[in-house]
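J.: Sequence first, then the predicted structure, then my questions.
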Amino acid sequence: MVEASTAEAGAMTTARRLRSIFSGSAGNLVEVYDWFAYASFAIYFAKVFFPKGYQTAQLLSSAAVFLVGFLFRPVGAWLMGLYADRKGRRAALVLSISLMCLGSLIIALCPGYAVIGDAAPTILVIARILQGISMGGEYGASATYLSEMAGRKHRGFWSGVFYMTLILGQLGAALMLNLLHWVMPGDQIQAWGWRIPFFVGGALAVAVFWIRRGMDETPSFARKGAERASTLMLFAKHPRAALTVIGLTAGGTLTYYVYGAYTQQFLINTSGFSKPAAAAINTGTLALFIICQPFFGALSDRIGRRPLLIAFGVLGSLTAWPILSTLAHTHDFWTAFGLVMAGMLIVSLYTSINAIVKAELFPTEVRALGVALPYSIANAIFGGGAEYVALWFKQAGHESGFFTYLTVMILVSLAVYVWMPDTRKTSRIVED
């Protein structure tokens, strides 16, 4: 089987690899754009969907809805992970982009609380549930698709490229926010301008839908055995791999959402920066963060995945408290920029390779479910809960407690990194 796989991989030309990776990753960009448009514009539409109150309470309500979307990501991971392992990676990717498109258009068109009352936040929750299911399925299917299309020699590099597309989507949402700041006053964004990015996201999703319909299926799925993927198979036959995914994800995803998403609200609500200044810091750090991903990914192809993960765990746990406590009291733009960028560089050691590490832990028959479901469980609890937990600590008057929480969770993941094997050497992906 391995010999056949190697021969088949030999026919995988560079052009075909690039075309396949583009087809799979284009949807990542659009889905993440739609997902983070919510986080980027929550500071504006929180007042539209929730009753009047002081700013932190409204942000807490919008953060709770953001968390609802995360809580449904495991549902999407479970359903579409099974679908991808049974019906194909391509079929799952087409379905996921369709659901994200629908969720974005619902948010764009939904009237506010002043017009339809309690129905407004209810519809918002429904839209986020659809997006949560979509994102849960998208990550596992696309990471699996990439891992099976990329060659063994440069799989870490392509993992970094894969993550670039994810962050480009988030950067696109941030750039949209900066663009609207430039072309219209804040009161117009508050009134109706925040709907624009969701219309744009829906239109882009339609374009990706047509691209994905013409994707190639992966050689791995085409040659997989007759064993039917199931949830029982995942946890009965691969419990260590599934628990490893949860553990290695917890600290990494929490750190990423703190520095890559929550700091924008942190800079406004705690440090006292203006909304445009906070958005500019978020956009600039994301742009530099993107550049780092393929370089760290390529480094893992040389020295292994595990050394990078351990380096993240050590540096992340040592710097979380100093970075956030200093950021809370600074009013200088460039100091704030440097602090956020430092956090982003450290978490790059995790983000650049996390998708491929998960895929390398599982065999073909259960790979999409194995990548998606444990990851989504950890991501829902720790990534999706990051903003809500941070605001809860702030509202309780103990914001520094969140800094401790972040440090502890990185240490938990560090223990997993020390314990787990280096998947570059033990990969269960047989294709070249």
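T.: Thanks, I have it. Numbers count the residues shown, from 1 in each chain.
J.: Just the mean pLDDT for stretch 333-341, thanks.
T.: Throughout stretch 333-341, pLDDT has a mean value of 96.
J.: no wait, stretch 97-111
T.: Stretch 97-111 comes out at a mean pLDDT of 90.
J.: likewise stretch 301-321?
T.: 96.
J.: Which strands or helices does the lengthiest helix in the chain pack on?
T.: The longest helix of the chain (DSSP state H) is helix 14-49. With contacts taken as 3 or more C-beta pairs under 8 Å, 6 or more residues apart in numbering; DSSP states H and E, helix 14-49 sits against helix 55-71, helix 89-109, helix 113-116, helix 119-149, helix 155-183, helix 186-191, helix 196-212, helix 263-266. No exception for glycine: its C-beta is placed from N, CA and C like everyone else's.
J.: Work out the gap between the fifth one and the centre of the chain.
T.: By that I understand helix 155-183. On the basis of C-alpha atoms, centre = their mean, to the nearest Å, helix 155-183 sits 11 Å off its chain's mean C-alpha point.
J.: Helices of the stretch 251-400 of the chain, residue ranges please.
T.: 263-266, 275-303, 305-329, 333-351, 354-359, 367-378, 385-395, 400-419 (DSSP state H, counting those that start in this stretch).
J.: Tell me which of those helices sits most buried.
T.: helix 367-378 (a mean of 29; mean count of other C-beta atoms under 10 Å).
J.: Would you mind pulling up the elements that that helix packs against?
T.: helix 73-87, helix 119-149, helix 231-237, helix 239-257, helix 354-359.
J.: So for L411, which of the ones you listed sits nearest?
T.: Of all these, the one in closest proximity to L411, counting by C-beta to C-beta, is helix 239-257 (7.3 Å).
J.: Report the buried residues of that closest one.
T.: Using 16 or more other C-beta atoms under 10 Å as the test for burial, helix 239-257 gives 241-242, 244-257.
J.: Please name every helix or strand in contact with that helix.
T.: Checking 3+ C-beta pairs under 8 Å, 6+ apart, helix 239-257 ends up next to helix 305-329, helix 333-351, helix 354-359, helix 367-378, helix 385-395, helix 400-419.
J.: How far does the longest one sit from its chain's centre?
T.: By that I understand helix 305-329. Worked out by C-alpha atoms, centre = their mean, helix 305-329 lies 19 Å from the chain centre.
J.: now it and helix 385-395, what's the angle there?
T.: Orientation check (axes from the mean of the first three to the mean of the last three C-alpha atoms, to 10 degrees): helix 305-329 against helix 385-395 gives 30 degrees.
J.: Helix 305-329 versus helix 275-303: what angle between them?
T.: Using the same axes, to 10 degrees: helix 305-329 against helix 275-303 is 160 degrees.
J.: cool, and the second one?
T.: Between helix 333-351 and helix 275-303, the angle comes out at 30 degrees (the same axes, to 10 degrees).
J.: For the longest helix of the chain, give the mean pLDDT please.
T.: Mean predicted confidence for helix 14-49 is 80.
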